[in-house]
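**Q** model this:
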Amino acid sequence: MRFIKTLLLCLSLAFSLPVAADVQEGRDYSVINPPVSTDSPGKIEVSEFFWYGCPHCFHFEPALKQWAKTQPKDVVLRLVSAPLNVNVWTPGAKLYYALDALGVEDRLRNDIFAAIHTDRQLSPTDERAFPAWVAKKGVDAAKFSEVYASFTVQSKVQRAMQLGQAYRVDGTPSVIVNGRYRILEPGAMSPERFAEVATALVAKARKDSGK
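**A** All right, here's what the predicted structure looks like:
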């Protein structure tokens, strides 16, 4: 009788455990070799390379945000606006880093994507229109212009370019997990599938670091 009770308990526990997602190298992700050092020591850094003008980034944004909300405190989401096409993407990259430096990017992020892709009121390549647009959103236009043209913002754009080259990023959105794994075409995944793959790779990265 005791044996039967033990067996039933084991079966119950087995069925209650989460099933590991079917995540495969070459299909869902690639390995970055050698790994790239992250800027979040002691944390698992998940980096998204994006551009405001990228329609795939616009559509991917809700899935990324929803997934990020479910992650434990040791997971850090890092946004990287790397101008992969330097001549065209640089204004949008500077826009991101200027707003981030002013502490308002998170508040305005959805509005920027909507203004570019839904309302067609803003172009990510026309930097002359940025001050007037941010002013309508309650940001001091003069202060924005000063930060936009600053050495700090330019340095962050250069750093983003270097990271893009280190990770061999050739399109957006691209998602890198802890400098080791690159999710393949996350924008083409359903939100549910992206969550499965990203969560599995975070667990893999945590195991790599011995946590």
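**Q** in the sheet, who's paired with the residue nearest to Thr38 when sequence neighbours are not counted?
**A** Sequence neighbours aside, Glu45 is the residue nearest to Thr38 in space, at 4.0 Å (criterion: CB to CB, 6 or more residues apart in numbering). (Each C-beta comes from the backbone N, C-alpha and C, glycine too.) Counting by DSSP bridges, Glu45 forms beta bridges with Val76.
**Q** Just to check, Glu45 is in contact with Asn178?
**A** Yes: at 5.6 Å, Glu45 and Asn178 qualify as touching, with contact defined as CB atoms under 8 Å.
**Q** Look at the two and report which has more neighbours.
**A** Asn178 (24 against 20; other CB atoms under 10 Å).
**Q** per-residue pLDDT, the spatially closest residue to the more buried one that is not a sequence neighbour?
**A** In this structure, Asn178 finds its nearest non-sequential neighbour in Ala205, 3.8 Å apart by CB to CB, 6+ apart. On pLDDT, Ala205 comes in at 95.
**Q** show me what contacts Ala205?
**A** Neighbouring residues of Ala205 by CB atoms under 8 Å, 6 or more residues apart in numbering: 44, 177-178, 180-181.
**Q** repeat that with 6 Å
**A** Ala205 sits next to 44, 177-178, 180 when contact means CB atoms under 6 Å, 6 or more residues apart in numbering.
**Q** Excluding chain neighbours, give the residue nearest to Ala142 in space.
**A** In space, Ala142 is closest to Pro131, 7.9 Å off (CB to CB, 6+ apart).
**Q** Actually, Val104.
**A** In space, Val104 is closest to Val139, 5.8 Å off (CB to CB, 6+ apart).
**Q** State the pLDDT value of the one you found.
**A** 98.
**Q** Assign it to helix, strand or coil.
**A** With DSSP: H, G, I helix; E, B strand; the rest coil as the basis, Val139 sits in coil.
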